[in-house]
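Undergrad: structure of the sequence below:
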Amino acid sequence: MRTLFQSGIRKTNANNSMKICELILAAHIACHSSINTIDHLAEVVGKISNKEISLHRTKCTALINKVLGPSMLKELCSDIGDNDYSLIIDESTDISVSQILAVMVRYYDGKKCKVTDALLDIIEVDDASAESLYKAVKTLLSVKMIPVSNIIGFASDNCSTMLGSKSGFQAYLKRDVPSVFVLGCICHSFALCASHACSTLPSFLEQFLRDICCYFSRSSKRTHQFQVFQDITKSPQHRMLKLSQTRWLSRGKVIARILEQWDALLLFFQGEMKTDAVKLDGAGEIYKMMVSRGTKHMLLFLNYVLGKVDRMNLEFQSEQYRLATLHASIAGEYRSILGMFIKEDVLFTEKLSNINPQDTTLYQSLEKLNLGGRCSALLIKEPIHDSDAGKRFLIDCRNFLVELCLQMKKRFPFEEDSVIALMKNIDPKVAVSPHRSTYITSLAVHFPMVVKEEELDTLEDEWQNLIYSKETVQNLTQTPTSFWSELQKVKDGNNKMKFGVLARLMCGLLALPHSSACVERVFSQVNIIKTKQSNRLLATTISNRLLAKQAIARQSVKCFDWEPSARLIGDVKSGACHQRYVERCNKREVATIHPASDSDSDDPLPVHPH
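TA: The predicted structure follows:
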C-alpha cells in the first residue's frame, strides 16, 4: 500500500514534470516560432505523450516575459558582474514604425575563456536624439546594476547621432567615462568607403545594374524565359540580385552575379531586341550597354576591387575576437589597393600614414594600372580601340581607386603608434616575439580603468619577464581568449600571480569591440519575430524572447536539450516571478498598445500547492 508521504512525493514530481514541460515548450517558442503556434503545439505534444498540457498563448507569453527572459537576464548580469565590458548600440525603426534601441554588451567570460556578445535589452524610444538615447541607456544600466564606470569600449554605426564628437552619444558617454575606447563599426566604414568610391564612376553604370534587376523582377515570364538561355550557356540557375543601398555587400554581389550570367544575359537581351514593344521597356538600353566596349571591363575591375572590400567586411562581421589583427589586416589591404596605382618604390620607402593618395607625382602611368587579372586579360582579348574612350576608362578606374583610398585613410588609423596598432600585442604570438612593442605602458595608459597608475611599474616588469618565460608560456593555449586567462593562474615562488597585472590588462582589452555587426543581427531577428501579422508585439516581449534564445545558445544546447533549473521551476510554482516582473515593468517604460495576436496580460501565473 502506498503511504500518504509516497503519494505526496509522486504528486510533487508530476507537478514538477508538467512545469518543466511548459518551460521547455515556452523556450522552444522563444527560439523558433510565433507565440500563436503554442495553441496547437501544446495539444499535439499532449496527445503524443498522453498528458494534459494546459499551455496557450497567454500563459506562454507570461512564461517568456515573467520567467525565461528575466531569469536569463539575471544570469547575464551576474556573468558581467564587476568585469570591464563594452557597449554596442544601434537605433532602428521596426515594421510598426516604432523606434527601437538595441543595447548589447561585449565582455570577456574568464570561466569559459571566450568573448561574449549579449543583448541586454530592446528599448522603445520616442526621441532618437543622442541625449535621449544616452539617458535611456544609462537608466537601463542603473536598473540592471551594471556600473557605467566599467565601460571600457563603445561601438556603433558611424552616424553623427552616435559618434558626433560634440553632441553625439559618445560625447555624453565620455563625460562619465573619459577614457572609453570609441570605434566606429568597421563593417559600416568599409561599406561607406565603397559607396563613396562608386560615386566617382559614370552614373549610367549604376543605372545599368538597377535596370537588369528591375527587368526581371517585374515579370515571372521573363524569368522563366531567361532560364532557357541559362541552360543553353550552361550558366548556374541563379536569379538576378537587387541592388540595395543599405545592404553592406549588395553592390559587389550584384556585379558578381551579372558577370556569372553574362553570356546568358547577352543572348537573352539580343532575343528581346526583336520585339519593338520590349525596346521601350528598357531591353534595348540594356543590350546597348552590354555590347558597348568598356562595360564588361569596368564590371570586372569593380568585381576585383570590391571583392577585396567585401572580404574585409565579412572578416570583421565575425563574432570571434579580431581586434588584435585589425590594424595589420586593414593596413595590408590598404597597401594592396595603393599598389594598384602608386609607384612601388613609394610603398617600400614611405609609411602608409604619410602617403597622400591625391599626390599625382606618386602615380604610375595609366598603362601600368593594376586592374585585376580578368579585366587585364579582357583588355588584351577585346581592347578598347577608341583611344579617348580607352584613356577615359583608365582614368575612371584610377579615380575610383584614389577615392577608395582617401575614404579608407579618413576612417582608419594607419599610424604605427595608434591604439589600434598597439592592439597587436594582445596576440600571444606577438607578445612573446621580438617584434612586440618595447613598452606595454604605451598601450596601458589609454585604459586607466583597467590598470591604475601605481601599477604601471609592475606591469612593465611583467611584460619584460614574459619574453624570458618561454618555457612557461609555450604550454598555454595560443589563442588570445585562452592564453591570458591561463596566464593569470601562473604563480611565482611565493605562490602569487606572476603576471597578474599584465593578464588583467589583456583580459580587459579582450572586451573591446571591432564592429557593431552583432546589433545588426539583433535587428534581423526582430524583423523575423515582429512581422506584418504580429506588428503590435511589445518591445518587452521581443526582448525577452531574444534573451531566452541567446541564453540557451550560450549554454551550447538546443532548446529541446535545455534543462530548467530548480530555482526556475520553483519560481513558476510559487508565483514569485510575477512579482519581480511587475517591479521590473515599474522601472521601465513599456508600450501602451497591446497585441491582438500575443497576449501580454499581467495576470499572475497559477500557483500550485506542493
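Undergrad: quick check: buried residues in stretch 72-88?
TA: Under the neighbour-count criterion of 16 or more other CB atoms under 10 Å, stretch 72-88 has 72-73, 75-77, 79-80, 83-88 buried. Where you see a C-beta, it was placed from the backbone N, CA and C, and this is true even at glycine.
Undergrad: same question but for stretch 469-483, I mixed them up
TA: Of the residues in stretch 469-483, those with enough neighbours to count as buried (16+ other CB under 10 Å) are V473, L476, P480, T481, F483.
Undergrad: what does stretch 262-272 give?
TA: Judged by neighbour count using 16+ other CB under 10 Å, the buried positions of stretch 262-272 are W262, A264, L265, L266, L267, F268, F269, E272.
Undergrad: got the contact list for that stretch?
TA: Outside stretch 262-272, the residues within contact range by CB atoms under 8 Å, 6 or more residues apart in numbering are 212, 225-226, 229-230, 232-233, 235, 258, 278, 283, 286-287, 290-291, 296.
Undergrad: let me know the closest of those to S515.
TA: The shortest distance between S515 and any of the contacts of stretch 262-272, using CB to CB, involves I258 and amounts to 28.4 Å.
Undergrad: how close does the closest one sit to M298?
TA: Distance of I258 to M298, computed by CB to CB, to the nearest Å: 11 Å.
Undergrad: repeat that for L41.
TA: Counting by CB to CB, the gap from L41 to M298 is 54 Å.
Undergrad: do H224 as well
TA: When distances are taken as CB to CB, H224 and M298 turn out to be 30 Å apart.
Undergrad: ok, these two, which is more surrounded?
TA: Between H224 and M298, counted using other CB atoms under 10 Å, M298 has the larger neighbour count: 20 against 9.
Undergrad: got a list of what that one touches?
TA: If a contact means CB under 8 Å, 6+ apart, then M298 has L201, L205, F393, D396, C397 as its contacts.
Undergrad: hang on, the earlier thing: restricted to helices, list the buried residues of stretch 469-483.
TA: With DSSP state H as the criterion, helices contain V473, P480, T481, F483 from among the buried residues of stretch 469-483.
Undergrad: quick check: chain neighbours aside, which residue is closest to the second one?
TA: Closest residue to P480 apart from its sequence neighbours, by CB to CB, 6 or more residues apart in numbering: I426 at 5.2 Å.
Undergrad: wait, doesn't the one you found sit right on A324?
TA: Yes - applying CB atoms under 8 Å, one finds I426 in contact with A324, separated by 4.3 Å.
Undergrad: okay, and the common contacts of those two?
TA: Common contacts of I426 and A324 (CB under 8 Å, 6+ apart): P480.
Undergrad: wait, a helix at V103?
TA: No - using DSSP: H, G, I helix; E, B strand; the rest coil, the secondary structure at V103 is strand, not a helix.
Undergrad: could you pull out the strands in the chain for me?
TA: Chain-ordered strands for the chain, with DSSP state E as the definition, fall at 85-93, 99-109, 114-124, 151-156, 181-184.
Undergrad: how much space separates the closest residue to R293 other than its chain neighbours from E315?
TA: In space, and not counting its chain neighbours, R293 is closest to I384: 4.9 Å by CB to CB, 6+ apart. Relative to E315, I384 is positioned 35 Å away (CB to CB).
Undergrad: could you do L401 as well?
TA: Using CB to CB, L401 is found at 21 Å from E315.
Undergrad: these two - which one has more neighbours?
TA: With neighbours defined as other CB under 10 Å, L401 and E315 compare such that L401 has more, 25 against 20.
Undergrad: thought F341 was touching the more buried one, still the case?
TA: Yes - when contacts are counted by CB under 8 Å, L401 is listed as touching F341 (5.1 Å).
Undergrad: common neighbours of the two, please.
TA: With CB under 8 Å, 6+ apart as the test, L401 and F341 reach no residue in common.
Undergrad: alright, I will stop here.
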